[in-house]
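J.: have a look at this prediction, sequence included:
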Amino acid sequence: MPGTSDGWSLVKRTNLNGPSDPTLALPVVGDDAADAAPRTPAAGGTTPEGRRSRRSRALVVTAAAAALVLGGGSAAYAHAHKDVTLDVDGDQVALGTFAGSVDALLEDRGVTVGDRDTVSASGALRDGQTVVVRHARQITVAFDGEQRTVWSTALTADEALDALADRGHRVTLVASRSLDGGRVAVPLDLEIDGSARVLVDGTTKPVPAGATTVAQALDALGVTLDELDRVTVRARSEGGVEVVVNRIERTEVRRAQTIAFDTRRKADSSLYTGTTKVVTEGKAGKRAITFEVTTVDGTVTRKEKIDAEVVRKPVDQVVAVGTKDRPAPKPSSSPASSSSSGSAVKKAKGSTDDLNWAALAQCESGGNPRIVSSNGLYHGLYQFSVGTWRAVGGSGLPSQASAAEQTARAKTLYERSGAGQWPVCGSRLFS
């Protein structure tokens, strides 16, 4: 019979240094004869061979016990037999055993222990001892909103959250999703321990009695989940836990976007230097952009562009720029005295006043002193370019000047270059 130096055990585990205090045990699930009976290993089943094997072991134990009694070894028999409690993931059973070590007890009961699992004791098995085994499970946890997968030996949501909260993060347990009988379920296997409530669709509902898992709580409250909905479990400041259901929707939204046209300038020998003419009017294009919009409980949390399509291409504006030299001014027919010269200047100025500047402005800009061309190059009543405006003494933008100043600058330009500065509308001056 194996003793305290039971080195032949095949039970594998790495963490055998946990507390062995019997107070760690949870309430006993059952203590009837069925609980006390040895468990059949999960993979083995009950076969005729298995029954013969157990019967053979029973005969050996009986023979050994008889030998001890016949040989006066009743004290040794009593020492070899132990009454212990085995707690595996909260399921407790009180049993009698001749196992000499914790490893031997676990092997006899068919309990396997992995690298991440914990066992509360190791070494020799003592009478009256409680052995606690906790199997680790993978759970999805959000640390300050960032999800990751961790291993936990906790049995309840309270226990898991308490253990993880010690790390100084805002922690929630993220439920996984699976299909169960054609419906959406939440197979979060950590039970809810203590008071719990569900936050869903703007309301708070207490978890009905008897609901011990998240899935059961949602089912009992009639909460249905859509494909994208998120379920988390978090600790409450006043104790207990709450299950939070976030309604998540993703929709595609199309938006129209204007595509600005470009302006191309080309030389034109038929126009005088310093003059321009729009040959082809520019036209803006149009682009359709598709976004994927994610909302959580009605609030937009993400907007991502997933497609862009040009619906109408822009048309470039083509502007002709004059390169033709202006003719030299004709000399006066006779020398003029200073007084006649002054009269000529006065007459010249008077001639500009006699021109139909209102008709020119109406043709160029519709009479709007603040208008700017679609390409941003021409401004105000007489559609000055910025360069021409400054050449006649203007400052800033022509469209920012008063109508009177724009007209005065236009007269100056006419006196310098004539009506050719307005190749399309210049003839209106003489109407």
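T.: Perfect, thanks for sending it. Numbering: from 1, shown residues only.
J.: tell me which residues of stretch 318-329 are tucked away?
T.: For stretch 318-329, the neighbour count (16 or more other CB atoms under 10 Å) marks Val318, Val319, Ala320, Gly322 as buried. C-beta here means a position set from N, CA and C on the backbone, and glycine is covered the same way.
J.: contacting residues around it?
T.: For stretch 318-329, the surrounding residues in contact (CB atoms under 8 Å, 6 or more residues apart in numbering) are 263-280, 377, 417.
J.: report the buried members of those.
T.: By 16+ other CB under 10 Å, those give Thr263, Asp268, Leu271, Tyr272, Gly274, Thr275, Thr276, Val278, Leu377, Ser417 as buried.
J.: nearest to Asp108, of these?
T.: The shortest gap between Asp108 and any of those belongs to Thr263, at 90.7 Å (CB to CB).
J.: who does the closest one form a beta bridge with?
T.: Beta bridges link Thr263 to Gln317, judged by DSSP bridges.
J.: ok, it touching Tyr378?
T.: No - with contact defined as CB atoms under 8 Å, Thr263 does not count as touching Tyr378 (11.0 Å).
J.: picking that back up, dump the buried ones among the contacts of stretch 318-329 to TSV, plus pLDDT.
T.: Formatted as TSV, these follow (pLDDT from 0 to 100):
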residue	pLDDT
Thr263	92
Asp268	92
Leu271	89
Tyr272	87
Gly274	82
Thr275	87
Thr276	90
Val278	92
Leu377	89
Ser417	86
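J.: mind putting those residues into TSV with secondary structure?
T.: Output for those, formatted as TSV (DSSP: H, G, I helix; E, B strand; the rest coil):
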residue	secondary structure
Thr263	strand
Asp268	strand
Leu271	strand
Tyr272	strand
Gly274	coil
Thr275	coil
Thr276	strand
Val278	strand
Leu377	coil
Ser417	helix
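J.: would you check which pair of those residues lies furthest apart?
T.: Within these, Thr263 and Ser417 form the most distant pair, 22.9 Å apart (CB to CB).
J.: quick one, which of the buried residues of stretch 318-329 has the minimum pLDDT?
T.: Checked by pLDDT, the buried residues of stretch 318-329 have Gly322 as the lowest-scoring entry (89).
J.: that one falls within a strand, correct?
T.: Yes - checked against three-state DSSP, Gly322 lies within a strand.
J.: excluding chain neighbours, what is closest to it?
T.: Leu271 (2.9 Å; CB to CB, 6 or more residues apart in numbering).
J.: same question for Asp162.
T.: Ala235 (7.3 Å).
J.: one more: Asp268?
T.: Ala320 (3.7 Å).
J.: Lys313 too?
T.: Once flanking residues are discounted, Lys313 sits nearest to Gly285: 5.0 Å by CB to CB, 6+ apart.
J.: how far off centre is stretch 262-276?
T.: The chain centroid and the centroid of stretch 262-276 are separated by 53 Å, computed with CA atoms, centre = their mean, to the nearest Å.
J.: convert the C-alpha atoms of it to PDB, please.
T.: Output of stretch 262-276 as PDB, limited to C-alpha atoms (Å, rounded to 0.1, in the frame of the first residue of the first chain):
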ATOM      1  CA  ASP A 262      -8.400  72.600 -61.900                       C
ATOM      2  CA  THR A 263      -7.600  75.700 -64.000                       C
ATOM      3  CA  ARG A 264      -5.300  75.500 -67.000                       C
ATOM      4  CA  ARG A 265      -3.800  78.600 -68.600                       C
ATOM      5  CA  LYS A 266      -2.700  78.800 -72.200                       C
ATOM      6  CA  ALA A 267      -1.100  81.500 -74.200                       C
ATOM      7  CA  ASP A 268      -3.300  83.300 -76.800                       C
ATOM      8  CA  SER A 269      -1.600  85.600 -79.300                       C
ATOM      9  CA  SER A 270      -5.000  87.200 -80.200                       C
ATOM     10  CA  LEU A 271      -5.300  88.800 -76.800                       C
ATOM     11  CA  TYR A 272      -3.300  91.800 -75.600                       C
ATOM     12  CA  THR A 273      -0.700  91.200 -72.900                       C
ATOM     13  CA  GLY A 274      -2.300  91.500 -69.500                       C
ATOM     14  CA  THR A 275      -5.700  90.300 -70.600                       C
ATOM     15  CA  THR A 276      -7.300  86.900 -70.100                       C
END
